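Chemist: using only what follows, build the 3D model:
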Amino acid sequence: MAGADRLSAAREALAAAESAASAYGLRSGPATTGDPHPKGDTAGTPGEQAHTDPQAEARKVVLRQLAMGPRTRRQLEDKLRDKGCDPQASARVLDRMTEVGLVDDEAYAEMYVRSKQETKGLAAGALRQELRQKGVSDELVDAILQDIDPQQEKEQARALVARRLRTMRGLGREVQTRRLAAFLARKGYDAGVSFQVIREALDDLPEHGRD
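Modeler: The predicted structure is shown next:
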């Protein structure tokens, strides 16, 4: 269902982008301003420049990216630069896309946090690092992550440990502790929370029960 929702959202975004771009005069194709012989011009080079619209090229790159899924402005800037798009044209296109809500770092970050919590069990530490890598500003990251409930995050860690322990039967307690701690650290959990959750989980195992 999540994949279908994402595809539907991407299609809606693409349609909205097409409409917005048309309204702002950012056509997707080459400019055809009445040249009756576009392919028969043997002079070539001078005329070719007239048929290249830097904003249209930048817009096509952005629309392709958005059709695959949401992107941060920084991610789109990087892609436009990789494709050799004109920097000024790229900035104008991204400004317009931001104005119409197709490029929205806050919405992207909120969606990303929810998704990674549900599918990967990531904690605030890992989420902060990943959002920064994707170009979300520190101020925005702080504002979004402050809404994470510490108790909910602890329950999330407990669920991760319980699942992981199923693959670690027969190992000594120290080995289990070390591997679980490393596992939760990669997920971004605070060391204090990690060791509390791990200790509780191991204490509940019959193999580690006290006589």
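
Chemist: in the chain, which helix or strand is least confident?
Modeler: In the chain, the helix or strand scored least confidently by mean pLDDT, DSSP states H and E is helix 45-50, which has a mean of 46.

Chemist: for the next helix or strand after that helix, which helices and strands make contact with it?
Modeler: On the C-terminal side of helix 45-50, the nearest following helix or strand under DSSP states H and E is helix 54-68. Secondary-structure packing of helix 54-68 (3 or more CB pairs under 8 Å, 6 or more residues apart in numbering; DSSP states H and E): helix 2-23, helix 73-82, helix 87-99. In short, each C-beta sits where N, CA and C put it, glycine included.

Chemist: what sits against Val175?
Modeler: For Val175, the residues meeting the contact criterion (CB atoms under 8 Å, 6 or more residues apart in numbering) are Met168.

Chemist: ugh, wrong one, I meant Leu205
Modeler: If a contact means CB under 8 Å, 6+ apart, then Leu205 has Leu165 as its contacts.

Chemist: can you give me phi and psi for it?
Modeler: phi -80, psi 130 (degrees, to the nearest 10).

Chemist: find me the pLDDT at it, would you?
Modeler: Looking at Leu205, its pLDDT is 85.

Chemist: tell me the contacts of the closest residue to Gly125 other than its chain neighbours?
Modeler: Taking CB to CB, 6 or more residues apart in numbering as the measure, Gly125 lies nearest to Gly188, with 3.4 Å between them; neighbours along the chain are not counted. When contacts are counted by CB under 8 Å, 6+ apart, Gly188 touches 122-129.

Chemist: ok, and the most crowded of those?
Modeler: Per-residue neighbour counts (other CB atoms under 10 Å) across these peak at Ala123, which has 26 neighbours.

Chemist: wait, that residue sits on Lys187?
Modeler: Yes: the pair Ala123 and Lys187 qualifies as a contact (CB atoms under 8 Å) at a distance of 5.6 Å.

Chemist: low-scoring pLDDT stretches of this structure, where are they?
Modeler: Scanning the chain for pLDDT under 70 picks out 1-51, 209-211.

Chemist: could you list the domains of it?
Modeler: Structural domains assigned to the chain are 2-28+49-99, 105-145, 150-208, following automatic domain parsing.

Chemist: re the thing from before, got any residues that touch both of Ala123 and Lys187?
Modeler: Here Ala123 and Lys187 have Ala157 as joint contacts, going by CB under 8 Å, 6+ apart.

Chemist: mind checking how far the helix or strand where Met111 lies is from the chain centre?
Modeler: Secondary structure from DSSP H and E places Met111 in helix 105-120. Computed by CA atoms, centre = their mean, to the nearest Å, the chain-centroid distance of helix 105-120 equals 8 Å.

Chemist: which neighbouring elements make contact with it?
Modeler: helix 124-133, helix 138-145.

Chemist: can you put these in TSV and add distance to Ser90?
Modeler: Rendered in TSV, the data for these read as follows (distance: least, CB to CB, whole Å):
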stretch	distance to Ser90
helix 124-133	21
helix 138-145	21
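
Chemist: returning to what we had before: could you dump the helix holding Met111 to PDB, C-alpha only?
Modeler: Taking Å, rounded to 0.1, in the frame of the first residue of the first chain, the C-alpha atoms of helix 105-120 are listed here in PDB:
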ATOM      1  CA  ASP A 105      12.300  19.900   2.500                       C
ATOM      2  CA  GLU A 106      10.100  19.900   5.600                       C
ATOM      3  CA  ALA A 107       7.500  17.600   4.100                       C
ATOM      4  CA  TYR A 108      10.300  15.400   2.800                       C
ATOM      5  CA  ALA A 109      12.000  15.200   6.200                       C
ATOM      6  CA  GLU A 110       8.700  14.300   8.000                       C
ATOM      7  CA  MET A 111       7.900  11.600   5.500                       C
ATOM      8  CA  TYR A 112      11.500  10.200   5.700                       C
ATOM      9  CA  VAL A 113      11.400  10.000   9.500                       C
ATOM     10  CA  ARG A 114       8.100   8.200   9.600                       C
ATOM     11  CA  SER A 115       9.200   5.800   6.900                       C
ATOM     12  CA  LYS A 116      12.600   4.900   8.400                       C
ATOM     13  CA  GLN A 117      11.100   4.500  11.900                       C
ATOM     14  CA  GLU A 118       8.500   2.100  10.600                       C
ATOM     15  CA  THR A 119      10.700   0.100   8.100                       C
ATOM     16  CA  LYS A 120      14.100   0.200   9.700                       C
END
